[in-house]
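**Student:** sequence and predicted structure, then a few things I'm wondering about:
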Amino acid sequence: MSLPLIEVKNLTKVYHSGLFKREVKVAVHDVSFTLHTGETLGLIGESGSGKTTIGRLVLRLIDPTSGRISYKGRDITHVSRKEMRPLRREMQIIFQDPESSLNPKMRIYQIIEEPLLLYTELSPKERDEKIRSMVSYIGLTEEYLSRYPYQLSGGQNQRIVLARILILEPEFLVADEPTASLDVSVQAQIIEILKRWKQEHTLSILFISHDEDLIKTLCDRVIQIHDGRIQDLQDRNTS
Ligand SMILES: Nc1ncnc2c1ncn2[C@@H]1O[C@H](COP(=O)(O)OP(=O)(O)OP(=O)(O)O)[C@@H](O)[C@H]1O
């Protein structure tokens, strides 16, 4: 098989908190897995099992205590923030709560444009075309572009968050309970956008959830986490 996109080996994260950092929590313990190009890998486990910590470690948003993370065959365990910067466009994250990802003072147009300004050299006209096509891709009309996040529903805002991410055509996405705060019908809209995008683009996803049904509809393989450790590895393609 080809080189994995992500390879995680013996990853451990210990948090020290409280007075004099005396409280010690082993949030992730000796976790190893691979994620191949185009694959959607589910990470399932109850609250506090370490799922979010794994997602953040893989993206190098936090430092591991020990273990190794490789991206496209390159060891990124100890690369600096500066060295990670070029990879930030390729490696994205979507969280549960859309409002935490959206600047309330910006109009939807600016919100979707911002990553293009940050990471691309596109002209204003090229950006404009991309923004309009993206807003239609996520099932909203152009009228929404002049609105503010508070004027949209939670589900619409989460679609905007997705638009902001997908417009950069990332290679890897950590989806950390992206639909957990939404109604079931609205959840389905988000999942459908992700599914459709994956049919048209090469995107690998680490999909974090405690919802088994959701994981089953979307993921090629599932890793079960319990108390920071891998419990079970099910391959839906071979089982
Ligand atoms: N910054 C931190 N400092 C100390 N302990 C932490 C920190 N972040 C997480 N933890 C602890 O590490 C453990 C794993 O947390 P984590 O958020 O990764 O779990 P989770 O499976 O994503 O949970 P949830 O589904 O509730 O988000 C928990 O016991 C949590 O309290």
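**Tutor:** Alright, I've got the coordinates.
**Student:** enumerate the residues of the protein near the ligand.
**Tutor:** When proximity is defined by C-beta under 6 Å from any ligand atom, the chain lies next to the ligand at 15, 17, 25, 27, 45, 47-53, 210. For glycine as for every other residue, the C-beta is placed from the backbone atoms N, C-alpha and C.
**Student:** restricted to strands, list these.
**Tutor:** Judged by DSSP state E, the residues of the chain next to the ligand include 15, 17, 25, 27 as members of strands.
**Student:** tell me the centre residue of this protein?
**Tutor:** V174 (2.2 Å; C-alpha atoms, centre = their mean).
**Student:** identify the residues contacting it.
**Tutor:** For V174, the contacting residues are 55-56, 58-59, 91-94, 205-206, 208, by C-beta atoms under 8 Å, 6 or more residues apart in numbering.
**Student:** I'd like those laid out as JSON lines, including distance to T120, secondary structure and neighbour count.
**Tutor:** Shown next, in JSON lines, are the contacts of V174 (distance: C-beta to C-beta, whole Å; DSSP: H, G, I helix; E, B strand; the rest coil; neighbours: other C-beta atoms under 10 Å):
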{"residue": "G55", "distance to T120": "25", "secondary structure": "helix", "neighbour count": "21"}
{"residue": "R56", "distance to T120": "25", "secondary structure": "helix", "neighbour count": "18"}
{"residue": "V58", "distance to T120": "24", "secondary structure": "helix", "neighbour count": "26"}
{"residue": "L59", "distance to T120": "20", "secondary structure": "coil", "neighbour count": "22"}
{"residue": "M91", "distance to T120": "16", "secondary structure": "strand", "neighbour count": "21"}
{"residue": "Q92", "distance to T120": "14", "secondary structure": "strand", "neighbour count": "22"}
{"residue": "I93", "distance to T120": "19", "secondary structure": "strand", "neighbour count": "21"}
{"residue": "I94", "distance to T120": "20", "secondary structure": "strand", "neighbour count": "24"}
{"residue": "I205", "distance to T120": "22", "secondary structure": "strand", "neighbour count": "25"}
{"residue": "L206", "distance to T120": "24", "secondary structure": "strand", "neighbour count": "26"}
{"residue": "I208", "distance to T120": "28", "secondary structure": "strand", "neighbour count": "26"}
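**Student:** from those, pick the one nearest the ligand.
**Tutor:** I208 (6.8 Å; C-beta to the nearest ligand atom).
**Student:** verify the contact between that closest one and K51 for me.
**Tutor:** Yes: between I208 and K51 a contact is recorded at 4.6 Å, counting by C-beta atoms under 8 Å.
**Student:** touching both of those two, which residues are there?
**Tutor:** Joint contacts of I208 and K51 (C-beta under 8 Å, 6+ apart) are 43, 176.
**Student:** re earlier: quick check on the residues of the chain next to the ligand: which are buried?
**Tutor:** Among the residues of the chain next to the ligand, the ones that count as buried by 16 or more other C-beta atoms under 10 Å are 27, 45, 49-53, 210.
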